[in-house]
Structures are given as C-alpha cells and as structure tokens.
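J.: need a structure here:
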Amino acid sequence: QKLSHPETTNLANMKALDLAWNRECILPRCIQDAEVLNSFLLPLYKEPGLYCKYDNPVPADEEFLLKKRESNLKLWVISPNEARLADKMEEAEWGDKPLAPFNIAPLGSATEPAKPAPGKAIILKEYTEEFQREYWNQFIKRITPLENDFKRGMIKLFQEQELRALRALRGKKSIETKGVDDVLRITHDEREISKFAEFTLPRITEMVKITGTSSYAELGVSGSFDVSNPKVIKWIKAHVGDLIKSIGDTTKDKLR
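T.: Coordinates of the predicted model:
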C-alpha cells in the first residue's frame, strides 16, 4: 500500500504515505547499514574519526519546525542569529542576544528607568491678621455647639458617678455597704468605662470629621477626608481611651 499510489489518492494522502515509507522503511534500513559499516568495515581503515552516518530521509515537517523556532525565540531559548544561521542567512548585528517578548528589546541593553512623577507641592498661604481673626471666630461658632453638648453630657456622667459613690459609702438603697477601696474602684470599673466610652466616642468622632473636612478644604488637598479610615479610627480610639483613663484617674485622686 505504501509503494503504490492509486489514481484516486489525493495529494494529502500521497504525502502521508511518502512520509510513512521513509520513516518506517528507509530510515531503519539506513540506521542498520550505518551500524554495520561502523562496527565491521570502517575500523579496518584504522583512521580515527572515520564513521558512517546517513542523512535523515524523512521529509522535514516545515510547519512543526516553524512553530518550534517561534516558540524558542519567544522563550529566549535561541537568539535571532541562531535562527538565521539555521536558514543559512547571514548574522545580524542586533541578533546576538535573545529578544524579550514584553518589549521586543535585546536583554542586557541599557534603558533609562522611568522617572517618578513629581508630587504635588502644597503651597502654604500667608494669612493676614484679619483673616486669622475671622477664621478663629468661625471656628468658635462651628465648635461651640459640640463643646456645649459635650460639657452637659460629661456633667451628667460625673453626677451619676458621684451619686453612685455616695450610695456606696452610706450603704443606702440597693447598694450594700462597701469599704473605701471598693468605692475608689468605681471610677475604673467596666460599667463606668463603658458609659464614658459610649458618650465620648461618637462625639469626638464627629468633631474630628468636621475639623478634618474643613482642614482639607483650607489646604486645597485633592480628595476628601474619610473619618472611617482605619488609621483615623485607630487614632480616635487611642485618644478616647487616654481621655477616659485621665478622667478616671483624676476622679479617683479627688475621692481620696
């Protein structure tokens, strides 16, 4: 079947039969003959380096070789000059090194690093005394309502704390008689700390939000102030914790 080419056989089948004939019939016979010559005949000449080797009779798969060469070039396996020599072409001056696929430039070539864009400079404005005075008045008007609300709430918390301490000392109502040390611990127990935290945390957060927003506008910084930023929240909680601790320590010292 491989030796005969019927008239009804198309060109593709003829090429496939020719390839199979050379690969399965001619090539094994060439390898066998070369082994026999190299083993028995050529050693009789006693010349070093003398050997027999037949060319591969199997037609090369041009499409496979083309894909293999393209893959080797893209993966930096071979350089352009090596591919040109395989096609019996002259070497190129730029083809000694493999090409990088991301920018098609020879590896090792010197390139200038990209310079970072200069940051936006903040121009400090010079304010007149009149402007500073007006700014301070506006700030007082903006913060005074929040400050008054904060004062009223703190006074109420102190009054409740005072009544609790007095009841503990007198042993009246539902609170049993306690020692002085137990009364002093009232300022730092979980109940008092929770009450102060629930009151101060949202109000200080609102103050920070108002002040931060106005500061962004005055400085001309692009973007907006985000009070929900994790770093801002961490800063607020830390300062609220310091505030509550300071209030508790001061109250405890006064009770003594």
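J.: any low-confidence regions in the stretch 101-250 of the chain?
T.: For the stretch 101-250 of the chain, applying pLDDT under 70 flags the ranges 101-114, 117-127, 168-187, 219-223.
J.: helices of that one, residue ranges please.
T.: For the stretch 101-250 of the chain, the helices defined by DSSP state H, counting those that start in this stretch occupy 129-170, 180-184, 190-219, 230-255.
J.: now the angle between helix 190-219 and the first one, please.
T.: If you take axes from the mean of the first three to the mean of the last three C-alpha atoms, to 10 degrees, helix 129-170 sits at 180 degrees to helix 190-219.
J.: helices or strands next to helix 129-170 in the packing?
T.: helix 180-184, helix 190-219, helix 230-255 (3 or more C-beta pairs under 8 Å, 6 or more residues apart in numbering; DSSP states H and E). For the C-beta atoms, the positions are set from N, CA and C on the backbone; glycine is no exception.
J.: how far off centre is the longest one?
T.: It refers to helix 190-219. Distance of helix 190-219 from its chain centroid, counting by C-alpha atoms, centre = their mean, to the nearest Å, is 32 Å.
J.: care to break this structure down by domain?
T.: 1-59, 62-105, 129-255 (automatic domain parsing).
J.: so which of those domains is nearest Lys115?
T.: For these, proximity to Lys115 was assessed by C-beta to C-beta; domain 62-105 is nearest, at 17.9 Å.
J.: centre of the chain to that closest one, how far?
T.: 35 Å.
J.: same deal with stretch 142-159?
T.: On C-alpha atoms, centre = their mean, the centre of stretch 142-159 falls 45 Å from the chain's centre.
J.: and what of stretch 247-256?
T.: 49 Å.
J.: please identify the buried residues of it?
T.: Ile247, Gly248, Thr251 (16 or more other C-beta atoms under 10 Å).
J.: same question for stretch 47-65.
T.: Under 16+ other C-beta under 10 Å, stretch 47-65 has no buried positions.
J.: just the C-alphas of it, formatted as CSV.
T.: Extracted in CSV, the C-alpha atoms of stretch 47-65 (Å, rounded to 0.1, in the frame of the first residue of the first chain):
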residue,chain,number,x,y,z
GLU,A,47,41.7,6.1,10.8
PRO,A,48,40.4,8.0,13.9
GLY,A,49,37.2,9.9,13.5
LEU,A,50,36.1,7.9,10.5
TYR,A,51,32.4,7.0,10.7
CYS,A,52,29.3,6.5,8.5
LYS,A,53,26.1,8.4,9.0
TYR,A,54,23.2,8.7,6.5
ASP,A,55,21.1,11.9,6.2
ASN,A,56,17.6,11.6,7.5
PRO,A,57,15.4,10.6,4.6
VAL,A,58,12.2,11.6,6.4
PRO,A,59,11.0,14.9,4.9
ALA,A,60,11.1,17.7,7.5
ASP,A,61,7.8,19.0,8.9
GLU,A,62,8.1,22.6,7.9
GLU,A,63,5.1,23.7,9.9
PHE,A,64,6.4,22.0,13.1
LEU,A,65,9.9,23.5,12.6
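J.: show me what that stretch is in contact with.
T.: 18-19, 22-23, 26-27, 30-31, 33-34, 37-38, 42 (C-beta atoms under 8 Å, 6 or more residues apart in numbering).
J.: you'd agree Val227 is up against Gly212?
T.: Yes. At 6.6 Å, Val227 counts as touching Gly212 under the criterion of C-beta atoms under 8 Å.
J.: out of the domains of the chain, which gets nearest to Pro116?
T.: Per C-beta to C-beta, nearest to Pro116 of those: domain 129-255, 17.7 Å.
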